[in-house]
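**Student:** Give me a model of this one.
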Amino acid sequence: MSGRPQKTKTEKTGGSVYVDLDYEYDKPSAAGTDGELISKRFDRTATPNQTVTVFDRDSYDRLEQAKTTPVAGGPPTARYDYTYDPNGNMLSAIALGAPTGTYYGYDPQNRLCVTANPQRRPVRQVRSRSPTTPTATS
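**Tutor:** All right, here's what the predicted structure looks like:
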């Protein structure tokens, strides 16, 4: 094992569970140690609706999608898709089935300048630089 957390559990006063998460990692090494990135998170807190979140990554190990489904099966209860520009900057984080999400703009030095809502209205100006306009990608 790599020493990375395999389980996180927090109990409230009185013993009821507040947080109960198990983790799996990607790319186990030849030595049998875990990879560097979380590939799955099991949430055992919400009984009986326990969930598993799977984190899909692209060939550059950037998060492409995070999808949460019930452990017992069924359709996703949450999904986020992520897009990037050619420089590797995150452009968007979009929620499943809705135009909700966050869009990001960067200056020519690839520094985050602005975050925007789905209507591309700035919601947070990070620094006063000349940002690129956040654009939707599909």
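**Student:** So what's the residue count around Tyr82?
**Tutor:** 18 (other Cβ atoms under 10 Å). Using the backbone N, CA and C atoms, a C-beta is placed for each residue, glycine as well.
**Student:** swap in Val52?
**Tutor:** The number of residues packed near Val52 is 16, by other Cβ under 10 Å.
**Student:** And for Gly105?
**Tutor:** Neighbour count for Gly105, taken as other Cβ under 10 Å: 22.
**Student:** before we move on, which element is it in?
**Tutor:** Gly105 is located in strand 101-106, with elements delineated by DSSP states H and E.
**Student:** Could you identify the helix or strand that succeeds that strand?
**Tutor:** Downstream of strand 101-106, the first helix or strand assigned by DSSP H and E is strand 112-116.
**Student:** what pairs with that next one, and is each one parallel or antiparallel?
**Tutor:** With DSSP bridges as the test, strand 112-116 is paired with strand 101-106 (antiparallel), strand 122-125 (antiparallel).
**Student:** can you give me the mean pLDDT across the shortest one?
**Tutor:** When pLDDT is averaged along strand 122-125, the result is 57.
**Student:** same thing with the first one?
**Tutor:** Regarding strand 101-106, the rounded mean pLDDT is 88.
**Student:** likewise stretch 53-70?
**Tutor:** The average of the pLDDT scores along stretch 53-70 is 86.
**Student:** could I get that stretch in CSV with only the CA atoms?
**Tutor:** Only the C-alpha atoms of stretch 53-70 are listed here, as CSV (Å, rounded to 0.1, in the frame of the first residue of the first chain):
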residue,chain,number,x,y,z
THR,A,53,-18.4,7.9,-7.5
VAL,A,54,-16.2,6.9,-10.5
PHE,A,55,-13.6,9.4,-11.6
ASP,A,56,-12.6,9.1,-15.3
ARG,A,57,-9.4,10.7,-16.6
ASP,A,58,-8.0,11.5,-20.0
SER,A,59,-4.6,10.4,-21.2
TYR,A,60,-3.0,13.4,-19.4
ASP,A,61,-4.6,12.3,-16.1
ARG,A,62,-7.0,15.3,-16.1
LEU,A,63,-10.5,14.7,-14.7
GLU,A,64,-12.9,14.2,-17.5
GLN,A,65,-16.0,13.0,-15.7
ALA,A,66,-17.1,12.3,-12.1
LYS,A,67,-20.2,10.1,-12.0
THR,A,68,-22.1,9.1,-8.9
THR,A,69,-24.5,6.1,-9.0
PRO,A,70,-26.2,4.0,-6.3
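**Student:** Many thanks, have a good one.
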